[in-house]
Structure formats: C-alpha cells, structure tokens
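A.B. asks: got a predicted model here, sequence first, then my questions.
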Amino acid sequence: MGPSRNAYLDALGIDRWVPRNSPAEVAAVPEVAPPSVSASPTRAGAPVPVPTPSPSTWTPLPPTGDWGVLRERVAGCTACAELCRTRTQTVFGVGNTRAEWLVIGEAPGAEEDRQGEPFVGRAGQLLNAMLLAIGLPRETVFIANVLKCRPPANRDPKPAEVSNCLPYLSNQIALLKPKIMLAVGRIAAQNLLATDAPLARLRGKLHHFGEANTPLVITYHPAYLLRTPSDKRKA
Ligand code: SF4
C-alpha cells in the first residue's frame, strides 16, 4: 500500500481502515487487489469497431482537421430536433487539445448545459479529484461527452441522438489522437463499444477503440459514485 494509493482513496472520500493501537497507518491499510487493466489485458486482437449508426435522416459533414471548425459545427448543430430546442447551449468538450488522455462521459446535465462545460458540479469535482490523484490535473486531459446536448430531464440518450452525435466525438478523437481513453458510466461505455453488456462486465478490462486501436478503459460515472459510495473503492 503506497502513498499514491492512499492519496487516491482520500481523493474519493474512502475511509482507510487503521487498526487500533497501530501507529503504522500506511502499513495497516488492507491490501486490495490492483485493477486488472494493466495486469491482464483482455484485448481480443481485433480493433473495436466504431458503432454502426442506426437509421437517421441527418447526414454528417465529412470530418474536419480544424478544432475551431468542429466547435462551430457542434455549436450550430440542429440534427436532433428535441435536443437543439431544449438545450441552453451545446457542450463541446474542454481541455488540452494535445492531451494524451481523453475522458468521455454520457451527456451534459443541467449544470453542464448552463455552463457549457462537461463535468462541472459535484460529479465534476469528484472526477477532478480522481484524475488529480493519479497525477492528471483536469487541464492536462481532454473531457467530452458522447452527446453534446443535454437530454431533457436527464433521460438516457435515444439511439438516433447517439448516432447523430457520434461523428463529432469520432472527429474529436481523430484530432486529439489520445494515447488512452477513459469512458465513465454505462451509456458512454456501451455506445463506444457497441454493446449492451452491463458496466460490471465492461470495467476492469482493457478494451480498444476504432481504427487507431486506442486503449479504452471503462469505469463508473462519478455521479453514480456519489450516489453509491460503496463502489468508490472499485473505481
Ligand atoms: S446531440 Fe449532437 S447531433 Fe444532436 S443536436 Fe446536439 S450536437 Fe447535434
């Protein structure tokens, strides 16, 4: 049990167990098996394909090589009739466009819709703490969502909305060329991997995404961890 793991547990707000009468707190924390991501990758060999869009009447523009152009396209997008009517603004994504890590969530919530930035509010603070605890200040990564507009009442994205919006995320991935992608939450994980497998089966493994075969790791959404603190240790 090293100081870095202790820092991580502290960042997530997980109590560390210390036996009574023991001054050696660090040595006393129970050992937990390390995540199997790096220890036993389950790469199947073939790259994970980009999900096949379900039928949609919207035809995306060809990918652009310019971040500014892409941002403008997203800001003016009206592909999803309901979402572009109910959103305050689109939420393009935020962070370092030279980042090695790309964090991908589901969709903007109420606060993200208001501020125009993903992962703000309490869930964002927890995500920041988790990233910082592994040596990644928020400004060193890029953070985006599968969907760039908030679904009303935070409902799950509809398949047509996901297929409409995925080309933007694919364009972001092509521009960023991340060394690793971290999908947080079931919706992001299932859509990136084109599967309906439960999150419990997807996390703790190393997946790969797209033509670049980018390593992809799945974990819990910080909003879920706020509701279910008992799973923080697994994250
Ligand atoms: S969710 Fe994506 S595809 Fe749909 S309107 Fe918003 S930006 Fe366009």
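C.D. replies: Happy to help now that I have it. A quick note: this is a predicted structure, and the numbers were derived from the prediction, not measured.
A.B. asks: determine the three-state secondary structure at Val103.
C.D. replies: Assigned by DSSP: H, G, I helix; E, B strand; the rest coil, the conformation of Val103 is strand.
A.B. asks: who is it paired with across the strands?
C.D. replies: Judged by DSSP bridges, the bridge partners of Val103 are Ile143, Leu182.
A.B. asks: use 417 as the first number from now on
C.D. replies: With 417 as the first residue, the last one maps to Val519.
A.B. asks: so how many other residues sit close to it?
C.D. replies: Using other C-beta atoms under 10 Å as the criterion, Val519 is surrounded by 27 other residues. The way it works is simple: take the backbone N, C-alpha and C, and place the C-beta from them, glycine included.
A.B. asks: thought Ile596 was touching it, still the case?
C.D. replies: No. Distance between Val519 and Ile596: 9.7 Å, which falls outside the contact criterion (C-beta atoms under 8 Å).
A.B. asks: point to the residue nearest the middle of this structure.
C.D. replies: With distances taken as C-alpha atoms, centre = their mean, Ile520 lies nearest the centre of the chain, 2.7 Å away.
A.B. asks: okay, that residue: pLDDT?
C.D. replies: Note for Ile520: predicted pLDDT of 98.
A.B. asks: so what's it up against?
C.D. replies: Shown in contact with Ile520 (C-beta atoms under 8 Å, 6 or more residues apart in numbering): 559-562, 585, 597-600, 604, 608.
A.B. asks: out of the residues you listed, which is nearest to Lys650?
C.D. replies: Nearest to Lys650 among these, counting by C-beta to C-beta, is Val600 at 13.1 Å.
A.B. asks: that closest one: how many residues sit nearby?
C.D. replies: Residues within reach of Val600, counting by other C-beta under 10 Å, total 29.
A.B. asks: same check on Asn629?
C.D. replies: Asn629, neighbours per other C-beta under 10 Å, totals 12.
A.B. asks: separation between it and the ligand?
C.D. replies: Distance, Asn629 to the ligand, using C-beta to the nearest ligand atom, to the nearest Å: 25 Å.
A.B. asks: what pLDDT does that residue get?
C.D. replies: Asn629 is assigned 93 on the pLDDT scale.
A.B. asks: ditto for the one 4 residues further on
C.D. replies: Looking at Val633, its pLDDT reads 97.
A.B. asks: so how many other residues sit close to it?
C.D. replies: Counted with other C-beta under 10 Å, the neighbours of Val633 add up to 20.
A.B. asks: for Leu632, same thing?
C.D. replies: A total of 23 residues lie near Leu632 under the criterion other C-beta under 10 Å.
A.B. asks: please list all residues in contact with Asn561.
C.D. replies: Asn561 is in contact with 507, 509, 520-524, 528, 534, 585, 604, counting by C-beta under 8 Å, 6+ apart.
A.B. asks: now, these that are in helices?
C.D. replies: Judged by DSSP state H, the contacts of Asn561 include 528, 585, 604 as members of helices.
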